[in-house]
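Engineer: take this sequence and fold it.
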Amino acid sequence: GGGGGVNGGEEGTAAALEYCALVACILIDTQWPQFLLRETFNILDRSRNGVIEVQDLLALAFDGAAPGASAAAAAIREVDPHVDGYINYDKFMSLMGVQQ
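Structural biologist: Numbers count the residues shown, from 1 in each chain. Here you go, the predicted structure:
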């Protein structure tokens, strides 16, 4: 690990997911312009296949720590009502409180 940042392992994974949860709460509680939400979706869709999947979350790094596979899968399941294993743009916008 480096100095002063989020550590790897379980502690790093927990910190990264807590950070994601905080950012999600801020996004959900704020009315954001659709173009910013589209850009956020595009950033999270690391594989550029039109959906946010577990491997996209695994590609995120928080000061060198990325969420573990089980934590990333749990994050997707929590917001994936149809248990598809991914979040498409419409689901993402719905989570952000935007009616399509």
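Engineer: so what does the helix or strand hosting residue 41 touch, helix or strand wise?
Structural biologist: Assigned by DSSP states H and E, residue 41 falls within helix 34-44. Using 3 or more C-beta pairs under 8 Å, 6 or more residues apart in numbering; DSSP states H and E as the contact test, the elements touching helix 34-44 are helix 89-95. Backbone N, C-alpha and C define where each C-beta goes, glycine included.
Engineer: buried sites along the helix it packs on?
Structural biologist: 89, 91-93, 95 (16 or more other C-beta atoms under 10 Å).
Engineer: reformat those residues as CSV; add pLDDT.
Structural biologist: What follows is the buried residues of helix 89-95, written out as CSV (pLDDT from 0 to 100):
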residue, pLDDT
89, 92
91, 87
92, 87
93, 86
95, 80
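Engineer: can you tell me the distance between the two ends of stretch 37-50?
Structural biologist: Distance between the two ends of stretch 37-50: 14 Å, counting by C-alpha to C-alpha, to the nearest Å.
Engineer: contact partners of it?
Structural biologist: Stretch 37-50 is contacted by residues 27, 51-53, 55-57, 59-60, 88-89, 92-93, 96, 98 when judged by C-beta atoms under 8 Å, 6 or more residues apart in numbering.
Engineer: apply 10 Å and report the result again.
Structural biologist: Contacting residues not belonging to stretch 37-50 are listed as 20, 23, 27, 32-33, 51-53, 55-60, 86-89, 91-93, 95-98 [C-beta atoms under 10 Å, 6 or more residues apart in numbering].
Engineer: stretch 51-59 now?
Structural biologist: 16-17, 20, 41-49, 66-77, 79-80, 84-89, 91-92.
Engineer: where does pLDDT dip in the protein?
Structural biologist: Along the chain, the parts satisfying pLDDT under 70 run over 1-22, 24-30, 61-67, 100.
Engineer: try it again at 90.
Structural biologist: 1-37, 40, 43-44, 53-85, 87, 90-100 (pLDDT under 90).
Engineer: count of residues packed around residue 82?
Structural biologist: 8 (other C-beta atoms under 10 Å).
Engineer: for it, give me its contacts.
Structural biologist: Taking C-beta under 10 Å, 6+ apart, one finds 88, 91 in contact with residue 82.
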